[in-house]
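Peer 1: no sequence for this one, just the structure:
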């Protein structure tokens, strides 16, 4: 099982801040997990048996920047919560992944030291992507134009973090058509024209017919590393 916190389309949209076409499968559980002492950890590890990998969004390690981009959590500290989740993943023996959207407010940040300290199995770095009707244009649910960065700026960010071995970059070109996205009506969303054009529902015409109109680029999916090892059994992590 792979659990990741929502950010993509429809019900999985970000509540605030910039948007990126990063796929997420389900929400991080709201239930408060207990902190684990060294003696408690072995007893609680079976609770994480059926969860292979947990992906968490972190766009900045500067709390002021998190507030600017809509990641502020009031009195809670976003970075402290991230570190707490990292400890839980280690205690429960769940692989840990970080997703970051690079935008106007964090593009000059150097996250090398913090990412290395957290030591995720995978750090997905997305270039902020505009989708008409969702985060730009007249009918947009939110306005993200002020968050957009150019390709050269994104490349400079990647160059700054070249020593981070787990970094997996996704530019707008790689991202836009290399995901299969379903909305709440079970329709594939085609982003080839810079907006989300829905197919017919798979409930009405079946998957094989609906997927023809998804705009999915399988070659780009493979090129960007979409197929990777995520099972705990295969990762063989040193806990």
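Peer 2: Thanks, I have the structure now. Small disclaimer: the values here were computed from a predicted structure and weren't measured. Numbers count the residues shown, from 1 in each chain.
Peer 1: In the protein, what residue spans correspond to helices?
Peer 2: For the chain, the helices defined by DSSP state H cover 41-44, 63-68, 78-92, 112-118, 151-160, 172-175, 202-205, 207-210, 218-223, 232-235.
Peer 1: Adding distance to residue 191, mean pLDDT and mean neighbour count, write these out as JSON lines.
Peer 2: C-beta: built from backbone N, CA, C; applies to glycine. As requested, these are exported to JSON lines (distance: least, C-beta to C-beta, whole Å; pLDDT from 0 to 100; neighbours: other C-beta atoms under 10 Å):
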{"stretch": "helix 41-44", "distance to residue 191": "41", "mean pLDDT": "55", "mean neighbour count": "13"}
{"stretch": "helix 63-68", "distance to residue 191": "27", "mean pLDDT": "90", "mean neighbour count": "16"}
{"stretch": "helix 78-92", "distance to residue 191": "28", "mean pLDDT": "92", "mean neighbour count": "17"}
{"stretch": "helix 112-118", "distance to residue 191": "28", "mean pLDDT": "97", "mean neighbour count": "15"}
{"stretch": "helix 151-160", "distance to residue 191": "18", "mean pLDDT": "97", "mean neighbour count": "14"}
{"stretch": "helix 172-175", "distance to residue 191": "9", "mean pLDDT": "80", "mean neighbour count": "18"}
{"stretch": "helix 202-205", "distance to residue 191": "18", "mean pLDDT": "95", "mean neighbour count": "14"}
{"stretch": "helix 207-210", "distance to residue 191": "15", "mean pLDDT": "94", "mean neighbour count": "13"}
{"stretch": "helix 218-223", "distance to residue 191": "12", "mean pLDDT": "88", "mean neighbour count": "12"}
{"stretch": "helix 232-235", "distance to residue 191": "31", "mean pLDDT": "82", "mean neighbour count": "13"}
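Peer 1: of the ones you listed, which approaches residue 194 most closely?
Peer 2: Closest of the helices of the chain to residue 194 is helix 172-175, at 10.0 Å (criterion: C-beta to C-beta).
Peer 1: Packing partners of that closest one?
Peer 2: strand 122-127 (3 or more C-beta pairs under 8 Å, 6 or more residues apart in numbering; DSSP states H and E).
Peer 1: Swap in 10 Å and give it another go.
Peer 2: Here helix 172-175 touches strand 122-127, helix 151-160, helix 218-223, going by 3 or more C-beta pairs under 10 Å, 6 or more residues apart in numbering; DSSP states H and E.
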